[in-house]
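Visitor: sequence first, predicted model second:
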Amino acid sequence: MRLSICTDVMGNLSFTEMLDKCVALGVEGVEMTGGGWSPGPHFRADELLADRGLLKSRLREIEARGLEIAALNCSGNPLDPGAMGARHRKEIEDTVRLAGEIGVTKVVTMSGLPEAAPGDTVPNWLTATRSWPAEMPEWDRYQWEDRAFPYWLGLVKLAGEVGVERFALENFSAMLVWNPTTLFRLRDEVGDAVGMNLDPSHLMWMGADPIASARALGPAIHHVHGKDTRLERGKVDVDGVLETREVTDVKDRAWNYVAVGAGHDLQWWKEFFSVVRMEGYDGWVSLEMEDFTMSTEAGLRTSVDALQATLCR
């Protein structure tokens, strides 16, 4: 396994400053984030597809520092029924085309979340039981069969045409694919090009065991994010894990994304990576740093040290 970093966390730096920071941190690769919900300015597909000179310059800067592109990341909601969905679909397609042009074979994104029924104007994450309400089975069928399957069949076809081999879908909440079971529902329909970006942090707060999830996924693990979560004592016991407060409201939240090692100890992380490797994944692990309980610098350094100490080499 090799360590890379999602570049969003350094969105305040220039492109060259960001790369120099990656070298100073000791990572080997960069997961270039751009488009979708990413504010990162460094590697936006529409900009680079329109300016081949800029693209070549940025690729030279990466190579000159001995870094590699681990993946291109465009995370958003391509199934949103409104203007955002249309924008995210275009940006994801641009990212796929850019990846094919520069020889990057993996794109990290999200499955998307559609509306519950034709004519609805907002996405709807269906988590009620199948026995209530009565409309639930039809909503479920509509979201998957009418909306998700056709979109992903088309995107997989595009990827094959341009040379992108794998999609890695983050198991993010409020997406159709948010755990291994939902990943396999999509994968069984559209093919093995679709797998999971196994992000343990989301599974942690949902109450799942990411190590058991890794065993269930096996070869469907296409990418891994190094990201930790801490359930906050005295908070989660009262309110449970469904949290609607802003991620920056760390004092009052029931759980928080934290630096690697600040939620689960290094022994846990060693076992996690050992099982992931045992299941056949020996690729990039990308640090995604979203700890608002400490400074960005401290979170990056803490997480890099923890990942370097626990990755299976």
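Guide: Arrived safely, thanks for sending.
Visitor: tally of neighbours for W178?
Guide: Counted with other Cβ atoms under 10 Å, the neighbours of W178 add up to 23. Where C-beta positions appear, they are placed from N, C-alpha and C, glycine not excepted.
Visitor: need the pLDDT of it.
Guide: Looking at W178, its pLDDT is 98.
Visitor: what's the distance between it and F172?
Guide: 6 Å (Cβ to Cβ, to the nearest Å).
Visitor: overlap of the contact sets of these two?
Guide: Counting by Cβ atoms under 8 Å, 6 or more residues apart in numbering, the common neighbours of W178 and F172 are H202.
Visitor: those strands in the protein, which residues are they?
Guide: Applying DSSP state E to the chain gives strands spanning 2-6, 29-33, 68-73, 106-109, 166-170, 194-198, 221-226, 228-231, 255-258, 284-287.
Visitor: any chance of the ones you listed in TSV, plus distance to D46?
Guide: Shown next, in TSV, are the strands of the chain (distance: least, Cβ to Cβ, whole Å):
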stretch	distance to D46
strand 2-6	19
strand 29-33	14
strand 68-73	13
strand 106-109	15
strand 166-170	19
strand 194-198	22
strand 221-226	23
strand 228-231	33
strand 255-258	29
strand 284-287	22
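Visitor: looking at these, which is nearest to D188?
Guide: Closest to D188 of the strands of the chain, according to Cβ to Cβ: strand 194-198, at 9.6 Å.
Visitor: just the buried residues of the closest one, please?
Guide: V194, G195, M196, N197, L198 (16 or more other Cβ atoms under 10 Å).
Visitor: my guess is the first one contacts L169, does it?
Guide: Yes: using Cβ atoms under 8 Å, V194 and L169 qualify as a contacting pair, with a distance of 6.5 Å.
Visitor: shared neighbours of these two, anything?
Guide: Common neighbours of V194 and L169 (Cβ under 8 Å, 6+ apart) are L183, L186.
Visitor: show me the contacts for R245.
Guide: For R245, the contacting residues are D252, R253, by Cβ under 8 Å, 6+ apart.
Visitor: so for it, what's the pLDDT?
Guide: 97.
Visitor: repeat for the one 10 residues further on
Guide: What the model reports as pLDDT for W255 is 98.
Visitor: quick check: bridge partners of it?
Guide: L231 (DSSP bridges).
Visitor: gap between it and M1?
Guide: Applying Cβ to Cβ to W255 and M1 gives a distance of 26 Å.
Visitor: what about the helices in this structure?
Guide: 15-25, 45-50, 52-64, 83-102, 136-141, 149-162, 180-190, 200-206, 210-217, 236-239, 266-278, 296-310 (DSSP state H).
Visitor: as a markdown table, those with mean neighbour count and distance to S75 would be great.
Guide: Listed next are the helices of the chain as a markdown table, based on neighbours: other Cβ atoms under 10 Å; distance: least, Cβ to Cβ, whole Å:
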| stretch | mean neighbour count | distance to S75 |
| --- | --- | --- |
| helix 15-25 | 16 | 18 |
| helix 45-50 | 18 | 13 |
| helix 52-64 | 13 | 20 |
| helix 83-102 | 20 | 9 |
| helix 136-141 | 13 | 24 |
| helix 149-162 | 16 | 14 |
| helix 180-190 | 18 | 15 |
| helix 200-206 | 22 | 12 |
| helix 210-217 | 20 | 19 |
| helix 236-239 | 12 | 26 |
| helix 266-278 | 17 | 21 |
| helix 296-310 | 18 | 19 |
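Visitor: what's the closest of the ones you listed to T229?
Guide: T229 lies closest to helix 200-206 among the helices of the chain, at 4.0 Å (Cβ to Cβ).
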